[in-house]
Structure formats: structure tokens, C-alpha cells
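Visitor: quick one: sequence plus predicted model below, questions after.
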Amino acid sequence: MATTRIEPVHPNKEWGAAQTIKRTTDYIKNPAKTDGGLLVDCFGCNPDIVTDDFMFSRDEYRFNTGRNQGENEVLAYHVRQSFLPGEADVETVKRLGYELAMELTGSNFSFIVCTHTDKKHLHNHIVINAVNLDCDKKFRNEVGSFRRVQRISDRLCRDNFLSVVENPALSKGTKNRYKTPTKRDGLAGIIDNIFEADPPKSFDDLLKQLEKNGCKVRKRGKTISIKPPGADRYFRLKSGKKGLPEGYDEDSLRKKIEEAQADLQDNLRDKNADTVYADTPAQHDFSSVKEEEIETAEDKKADGTAAEPSHNYSHDTKINLIIDLENSIKAQNSPGYERWAKGFNLQQAAETLLFLQTNNLTDIEALTHAASQVKSDYDALQKRIDNAETRMKDISALQRHIGAYHKNRDVYSQYLRSKRSPKFREENEKAIATVEEAKAFFDSLGLEKLPTIQELRAEYAILSQEIHGCMQAKNDIRQQVFDLQSAKKNVETILGIDGEQDSQRDKKKRRETDI
């Protein structure tokens with residue numbers, strides 16, 4: 001069970017914008033709460049210089065748009081996600097916090113996720129930059145955003161077999177926290193319940209089910225309005241101040257219906273997979289695939305060019321690892337769990353086979369190569385991100401030192417003209433030490449000429465875009481990595497292959513070939 005909350009972070013009048021962000025992020029990054037900093041994750045920013053990242057994007061946004069919201073400015077959004085004590089482990093909580101932030105932002109905003117373990121209940125703190133990665137738009141925190149956060153979190157919990165709050169106790173407060181639901185929220189809740197209980201087959205079917213739930217439907221031309229039970233007025237099926245929360249307009253609902261029907265078809269296919277698995281035991285032998293694919297990919301890798309995956313993965317069912325019943329303590333202590341696990345294993349074996357057939361991975365070597373290639377691509381993207389983040393950290397430090405140098409260089413010039421007078425230094429110790437520290441930093445980088453702030457900002461923006469692109473690419477192939485690695489592990493389990501020994505044999509063969 002996870003409860004959620006979202007609230008904006010405004011500049012504190014006493015601290016200022018940068019200090020407000022720093023205090024917020026320093027609190028959530030506290031090593032005493034995050035296992036020495038191991039439970040800190042981020043997207044599109046560096047956790048060590050997250051304040052600089054956020055403030056730089058704020059300045060860029062102002063420059064690009066000319067907008068300055070003054071006292072009403074929102075610097076970031078602070079999301080909290082708390083789990084029931086003992087229900088989920090730390091890694092699961094950390095992963096769900098990252099997935100919640102990623103889906104909430106659509107990978108368009110940088111954020112930092114910190115998992116706290118200092119309380120009985122594990123909980124995530126997520127701080128989302130209000131400015132997007134392109135520095136031209138801001139996060140839309142509309143009325144009902146708290147419902148969106150709650151829906152995403154609940155779905156992630158259900159997908160991971162965790163409980164959810166079926167009827168959350170709402171209280172009055174800001175629009176970003178749970179509040180007394182309006183009639184619009186009530187209508188949105190009715191629509192949610194319809195999709196959860198019996199997903200409509202078409203948009204007309206949705207309207208009929210709304211009527212069955214006590215709503216009145218009115219059509220005037222192309223406009224459709226709904227009057228929920230107990231309401232005094234009709235609400236148009238559109239998002240906005242006079243409509244429903246985001247995602248409840250007619251176009252979004254039609255798209256949601258299509259997705260729901262597609263999911264039903266996938267589930268039906270998965271249920272029939274057991275029959276496919278039972279009828280085709282010979283498929284375990286695998287047939288060969290074209291060796292040219294493997295050779296071509298290896299040639300690309302040898303050339304240093306970006307290796308493209310050999311397959312377009314079309315099967316979107318998440319493959320889980322087969323449970324080791326022999327070493328499972330739960331299975332030994334619970335006959336009910338053992339029965340469930342055997343059924344689960346059969347289903348996962350069928351899904352693995354279907355995944356391999358769908359993607360034409362009918363040879364164990366092709367599967368191993370594909371898993372290795374995609375993992376290599378994934379690691380290469382992460383290396384580019386790490387390099388870019390290191391450079392961005394240097395740029396941030398360089399900006400600080402250049403600013404300090406320009407601010408105090410006149411004092412330092414006077415100090416030199418005084419022939420390094422001890423008295424003058426004592427009177428201006430801080431300014432002189434700041435310049436000397438800056439000069440030492442410049443020398444460590446081997447700079448012959450100081451870059452301008454504009455040049456550094458331009459480079460920073462390019463690196464930020466590169467990180468964004470790599471993050472997007474990583475996100476695109478993340479599921480492929482998981483599916484291929486899981487499928488490989490499951491195939492090795494089904495065929496009784498020792499993956500580690502098999503890997504050692506492959507290495508030995510390659511060494512013998514090289515000799």
C-alpha cells in the first residue's frame with residue numbers, strides 16, 4: 001500500500017530560490033536516511049550538483065521565454081510516496097519511486113528520487129524540476145494532479161502485487177494534496193471504476209455504462225456532456241478549468257478504451273499460451289537463425305559504431321524469472337505457495353517461448369548474442385551519460401570559480417601591487433583566498449584562456465540534451481534488456497544449462513580461436 005502527496009516548492013523569501021532548492025534536496029539526500037547515499041537516483045541531472053542543475057534550467061527558461069513569475073514562481077514539485085511497513089523491500093520501493101517519477105514527467109523533466117529507511121515505513125521523496133529539459137516549458141500541475149499521482153502509484157503497486165488504498169481518506173488542504181472531491185472528481189472516479197471493473201468495448205459502451213451508474217448523458221452536435229449523480233450541472237468531456245481533470249477528455253478516453261481492449265487481447269493470448277507450450281515441446285531444441293545477423297552486429301561493434309539491436313521486439317508481455325522451487329523457503333513452508341508457484345512457472349515458460357517465437361530468436365546462440373548486444377548498448381549509453389555528467393559537474397565548478405574570480409580580481413590586483421602585503425592580505429583574506437583557489441582550479445584544468453559564461457552555458461545545454469537523448473534511448477531499451485536477460489535465464493533453467501559455466505566455455509572458445 002502506498003500513499004502519495006504532491007506539493008509545489010516556492011522560493012522562500014528569507015532564503016531565496018537557490019537556497020530553497022538546496023535545503024529541500026539536501027534533506028532528501030541525507031546519507032543517514034538513504035543508506036549512505038546509495039538509495040539516491042536521478043534523471044536528467046547530477047545529484048551532487050542538483051541545485052546548480054535546477055537553477056541553470058530556471059535561468060535558461062527565463063531567457064528563452066522572457067517569463068518571470070515573481071512571488072508565484074514554482075521552482076520544483078515535491079512528491080512523497082509512503083509504503084506500508086514490511087510490505088516491500090528497499091530495492092522495490094526505490095524502483096517504484098523512479099518509475100512513478102518517470103511516468104509522471106513523461107521523461108521530459110529532470111528529477112531526483114531518494115528512498116528513506118529511517119522510519120518503520122519505507123518512503124520515497126521525489127523532487128521534480130519545474131522546468132523541462134528543453135528549458136522552454138514548465139510542469140503542468142493542474143487541479144487533480146494529486147489524483148494522477150495516486151493513480152500511477154496504485155497501478156505500479158498492483159503490478160508488483162502490493163496493496164493499495166481503495167477508499168483514501170480525503171482531507172481539505174492545498175490543491176496538490178488529497179482534498180474534498182468535487183462533482184468533477186466524482187465523475188472522474190466513476191469513469192475510473194468502469195475501466196477497472198469492466199473496461200468498455202467502445203466509446204458508446206462507456207456512455208451506456210455511465211448511464212447505468214446514474215449519470216445523465218447529453219449530446220449536442222459533437223459536444224458530449226455528463227451530469228453525475230447529485231450534481232446540479234453537466235460537465236463537458238474535455239480537460240481544463242471548466243471540464244474534467246487531465247486525461248478525461250473524449251480523445252483521451254477513446255485512446256484509453258483502445259489500450260484497454262488491446263490489453264484484454266494480450267491477456268487472452270497469454271491464457272492460450274499454456275496450450276501452445278504443451279503442444280510444442282519440440283520447440284525446446286531451437287532451430288538455427290541466419291549467422292549473417294550475428295556477424296554483421298559483431299562487425300559494427302568492432303568498428304566502434306553504434307550497434308543496432310538485431311531484432312525489433314514486438315512482444316510487450318513482461319517476462320518474470322522462473323521461481324526456483326527447490327531452494328524456495330516459501331515453497332517449503334507453504335503448500336499453497338508451492339501450488340501457485342508451479343502454475344506461475346508454467347505461465348512464465350509459455351510467455352518466454354512466445355517471446356522467442358515472436359522475435360524469431362529460435363537459436364540459443366542468437367538469444368545469448370541478442371541479450372549481450374542490447375546490454376552492451378545499454379551500458380554504452382550509461383557511459384556517455386556518466387561522461388556528460390562529469391563534464392557538467394566541471395562546468396558548474398568552473399562557472400562558480402569564474403564568477404568568484406571576476407568578483408574579487410580587483411582586490412587581488414591591489415594585493416599584488418602591495419607586493420603581497422601581510423596586512424593587506426589579513427584585511428582581505430577571504431577575497432584573496434577565493435581568487436587563489438580559482439586560479440589553482442583553472443591551472444588544474446590546463447586552461448590557457450578562460451571561457452565565457454555564455455560558452456559554458458551553451459556547452460552545458462548541449463550536454464544536457466545529450467543526457468536527455470541517452471536517457472530516452474536507455475528507457476526505450478530498458479524493457480528489451482530485462483526481457484532478453486529474463487528469457488535467457490529462463491531458457492537456461494528449462495534446458496538445465498549452467499549459465500556461468502556456459503559463459504566460461506564461450507570465453508575459452510574465443511581464447512582458443514584468438515590463439
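Guide: Received it, and whenever you're ready, just let me know what you need.

Visitor: residues in contact with the residue nearest to the spatial centre of the chain?
Guide: The chain has Met102 as the residue nearest its centroid, 3.0 Å off, counting by Cα atoms, centre = their mean. Met102 is in contact with Phe43, Asn475, counting by Cβ atoms under 8 Å, 6 or more residues apart in numbering. For the C-beta atoms, the positions are set from N, CA and C on the backbone; glycine is no exception.

Visitor: so how far is Cys45 from it?
Guide: Met102 is 14 Å from Cys45, where distance means Cβ to Cβ, to the nearest Å.

Visitor: from what I can see Lys94 touches Cys42, true?
Guide: No - using Cβ atoms under 8 Å, Lys94 is not in contact with Cys42, being 11.9 Å away.

Visitor: which of those two has more residues huddled nearby?
Guide: Lys94 (23 against 20; other Cβ atoms under 10 Å).

Visitor: secondary structure class for that one?
Guide: Using DSSP: H, G, I helix; E, B strand; the rest coil, the structure places Lys94 in helix.

Visitor: what's near enough to touch it?
Guide: If you count contacts by Cβ under 8 Å, 6+ apart, then Lys94 has Leu39, Asp41, Val113, Thr115, Asn124 around it.

Visitor: one more time with 7 Å
Guide: Applying Cβ atoms under 7 Å, 6 or more residues apart in numbering, we find Lys94 in contact with Leu39, Asp41, Thr115.

Visitor: repeat that for Gln19.
Guide: Contacts of Gln19 (Cβ under 7 Å, 6+ apart): none.

Visitor: that one: which element?
Guide: helix 17-28 (DSSP states H and E).

Visitor: pull out the buried residues from that helix.
Guide: Within helix 17-28, the residues that qualify as buried by neighbour count (16 or more other Cβ atoms under 10 Å) are Ala17, Thr20, Ile21, Lys22, Thr24, Thr25, Ile28.

Visitor: mind picking the lowest-pLDDT entry from those?
Guide: Lowest pLDDT among those: Ala17, with 87.

Visitor: and the nearest residue to it once chain neighbours are set aside, what pLDDT?
Guide: Spatial nearest neighbour of Ala17, excluding adjacent residues (Cβ to Cβ, 6 or more residues apart in numbering): Pro11 at 4.3 Å. Looking at Pro11, its pLDDT is 87.

Visitor: mind listing what Pro11 touches?
Guide: Neighbour list for Pro11: Ala17, Thr20, Glu73, Leu75 [criterion: Cβ under 7 Å, 6+ apart].

Visitor: and for Ala32?
Guide: Taking Cβ under 7 Å, 6+ apart as the test, what Ala32 contacts is Asp118.

Visitor: cutoff 10 Å now
Guide: Applying Cβ atoms under 10 Å, 6 or more residues apart in numbering, one finds that Ala32 lies in contact with His116, Thr117, Asp118.

Visitor: mind giving me the PyMOL select for the residues you listed, buried ones only?
Guide: Command for PyMOL, covering only those of the contacts of Ala32 found buried under the criterion 16+ other Cβ under 10 Å:
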select buried, resi 116+117
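
Visitor: so where do the strands sit in the stretch 1-150 of the chain?
Guide: 2-9, 40-43, 76-83, 109-116, 123-132 (DSSP state E, counting those that start in this stretch).
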